[in-house]
Each structure stands twice: as structure tokens, then as C-alpha cells.
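Visitor: here is the input, now give the coordinates:
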Amino acid sequence: MIVTIASGKGGTGKTTISASLAAVWRAPLVAVDLDVEEPNLHLFLNPEQQGSEDAALEIPVVDTARCTRCGACAALCQFKAIALMGETLLTFPEMCHGCGGCMAVCPEGAVGTGQRVLGEVAWGRARGARFLMGRLRVGEAMSPPLMRRVKARLGAMLAQEPADAVVDAPPGVSCPAVSAVMDSDFVVLVTEPTPFGLHDLRLAVEAFAPLGAPMGVVVNRAGVGDLAVQEFCRARALPVLAEIPFDRAVAEGYARGKVVADLGPGQRAVFTALRDAIRSRCNRTEAAHA
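Guide: I've put the predicted structure just below:
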């Protein structure tokens, strides 16, 4: 079972929920940080790192001695990562999306393969669970290829030792967020009871609903705004799985890098109930498809 914690915008408490669910999960688990542009789940779970590897993208390297300047590669590239300027063929590695099309169309075989490091994939153990994360290289613009490497390693880890996965997704509803959510068995949408929270929750529901995974909502900082989020959820038949009260102790614990579920029996009960609600709904979905 892969449970992805997502949100329509940053700052709603996505990582807070992910860390606390990992702390109370009580079943074999891989805690995954797919927010590769700004990973911070490790700051709360404090994993013992056991390994890491660079993730790279294949980019074109031109053999100018073999190149006839026919321009086929430049004509194909939709991202202008390779261009023919007069008799000079130029490559722009940072603009390459790694499709390999330029290499495939070159009639002289003059376009070879180089590499651009995207970032790092790291793994280890935290609180009795396995831990996995990606970290995008500073200055790198493309996060989805690195996310695919993280997901590939997650697949290998789950094949080696079956477990559930709790995935901290990138915020928003653009390509990285959709890439994180698309393989999920259940999606938890974290929001807050404000006009901004409602606006971005609407966007998240519109973006993720077509992917077909069942969804539920967690309202963070409950009590600071109005009930418009709850009314929207009722209208869209979205279950509100938990409400995390607006509490200074939670904010202070977060600022100190504490897992909110560890702050006291009340907070732990909230996340235990959330865990049970997610598992119950996943089991119900599996039974319906059996």
C-alpha cells in the first residue's frame, strides 16, 4: 500500500503529517521523501543513512569529426538543447530533457551519450522503518527524472521486502506533484481552513481525481479560519480523516524538529486515528476490487 501525502500548496503541514504517520504506522514501512527540491522529512525522522548514489540524465555529446551538420538533431529537439548555428553545432546540457531523440536520428552516429547529474538518492533506517529520499542538485531545474529514480529504488525495496510506503509529495499540482501521486493507492490531501487553503485544495482535487486513487483530507491548524473547507469536502464526498487543532505546542515542536505525534497522548491519538482511517479505507478499496 502506497499512501501519498500531498497538498495544493506548500506550508500546509504535509511533512508534519508524513513524519507523524511514519511514527505511528505499526507495520513494515518505507518512509519516502519525494519532495526532492526541498526534502525535509529527514530532519524529523533523523534516519541513519546506509547508502546513496548519484542520479544522472543522459545528454548529447557531439563528435564534431563525424558530424555532417545536417541539422536533424536540432530539428527534432523541442527543448532547444541542441542547435545548429551556421556550421557550428551547439549543445545546451541544462536544457536537455534526456529523451535521446537526437542520438536516435543522427544518421552518422555522431551524437553520443554524456551525463548530467540530477541529484542524489539516499536511503537508510529511521525509527524501525526504512527511509528513502531524493535531493535535487542545487541549480538543477528538472525534478521528475530524479523522482523516477527514487520511485524505482522504492519499487526495488518493496520487492525485496514487502512493506507499506508513506510518501511525502512535492507541494502544488504541477508535474512533480502529479508524478508523485500517480502510483498511489491512497492520497491524503493536507489543507488549512483558510481561503487560500480552500483554493489550493480545489486545485489539488481537480488535478489528482482523474488519477483514480481514493482521497481523503486532513485539515491542519483547525480552528483558525472558517468551515468552508469542510463544506467543500461534504459537497465533493471527500472524507475529512483528521483535524489537527491550531496549537502553539505543535508549532513549537515543529520548530524544534520534533515529530508531532510524539508531543503527547492527545497528538498521538489524532495520528493513530488517522492511520486507522487510511488503512480502513484502503482495505475497503481492495475488497471492492477483489
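
Visitor: ok, and the closest non-adjacent residue to residue 40?
Guide: Nearest non-adjacent residue to residue 40, counting by CB to CB, 6 or more residues apart in numbering: residue 15, 5.6 Å away. From N, CA and C alone the C-beta is placed, and that goes for glycine too.

Visitor: show the subsequent helix or strand relative to the helix or strand harbouring the one you found.
Guide: Counting by DSSP states H and E, the element that carries residue 15 is helix 14-24. The C-terminal neighbour of helix 14-24 among helices and strands, as given by DSSP H and E, is strand 29-33.

Visitor: other SSEs contacting that following strand?
Guide: helix 14-24, helix 41-45, strand 129-136, helix 144-160, strand 164-168 (3 or more CB pairs under 8 Å, 6 or more residues apart in numbering; DSSP states H and E).

Visitor: mind putting those in CSV, mean neighbour count, mean pLDDT and distance to residue 226 included?
Guide: CSV is the format used below for the helices and strands packed on strand 29-33 (neighbours: other CB atoms under 10 Å; pLDDT from 0 to 100; distance: least, CB to CB, whole Å):
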stretch, mean neighbour count, mean pLDDT, distance to residue 226
helix 14-24, 26, 96, 21
helix 41-45, 21, 97, 30
strand 129-136, 23, 97, 36
helix 144-160, 17, 96, 35
strand 164-168, 25, 97, 28
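
Visitor: for residue 225, find the nearest of these.
Guide: helix 14-24 (17.6 Å; CB to CB).

Visitor: which residues touch residue 12?
Guide: Residues counted as contacts of residue 12 (CB atoms under 8 Å, 6 or more residues apart in numbering) are 171, 190-192, 197, 200, 220.

Visitor: with neighbour count, secondary structure and pLDDT as added columns, please give those in CSV.
Guide: Shown next, in CSV, are the contacts of residue 12 (neighbours: other CB atoms under 10 Å; DSSP: H, G, I helix; E, B strand; the rest coil; pLDDT from 0 to 100):
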residue, neighbour count, secondary structure, pLDDT
171, 23, coil, 94
190, 28, strand, 97
191, 29, strand, 96
192, 24, coil, 94
197, 24, helix, 94
200, 22, helix, 95
220, 24, strand, 94
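
Visitor: returning to what we had before: same list (the helices and strands packed on strand 29-33) but as a markdown table, adding distance to residue 262.
Guide: Output for these, formatted as a markdown table (distance: least, CB to CB, whole Å):
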| stretch | distance to residue 262 |
| --- | --- |
| helix 14-24 | 6 |
| helix 41-45 | 10 |
| strand 129-136 | 15 |
| helix 144-160 | 25 |
| strand 164-168 | 16 |
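
Visitor: tell me which of the ones you listed sits nearest to residue 80.
Guide: Between the helices and strands packed on strand 29-33, helix 144-160 lies closest to residue 80; by CB to CB that is 18.2 Å.

Visitor: show me what that closest one is packed against.
Guide: Right, helix 144-160 is packed against strand 29-33, strand 48-62, strand 111-126, strand 129-136, helix 175-181 by 3+ CB pairs under 8 Å, 6+ apart.

Visitor: deepest-packed of these, please.
Guide: Ranked by mean neighbour count under mean count of other CB atoms under 10 Å, the helices and strands packed on helix 144-160 are led by strand 29-33, which reaches a mean of 26.

Visitor: next, the angle from that strand to strand 111-126.
Guide: Strand 29-33 runs at 130 degrees relative to strand 111-126, counting by axes from the mean of the first three to the mean of the last three CA atoms, to 10 degrees.

Visitor: just checking: what are the partner strands of strand 29-33?
Guide: strand 129-136 (parallel), strand 164-168 (parallel) (DSSP bridges).

Visitor: now distance to residue 271 too, for those strands, in JSON lines please.
Guide: Supplementary listing: the strands paired with strand 29-33 in JSON lines, determined by distance: least, CB to CB, whole Å:
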{"stretch": "strand 129-136", "distance to residue 271": "15"}
{"stretch": "strand 164-168", "distance to residue 271": "11"}
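
Visitor: out of those strands, flag the one nearest residue 84.
Guide: Using CB to CB, the nearest of those to residue 84 is strand 129-136, at 30.9 Å.

Visitor: show residues contacting that closest one.
Guide: Against strand 129-136 from outside (CB under 8 Å, 6+ apart): 22, 25, 28-34, 36-37, 39, 41-42, 45, 47, 55, 118-125, 143, 146-147, 149-150, 153-154, 157, 161, 163.
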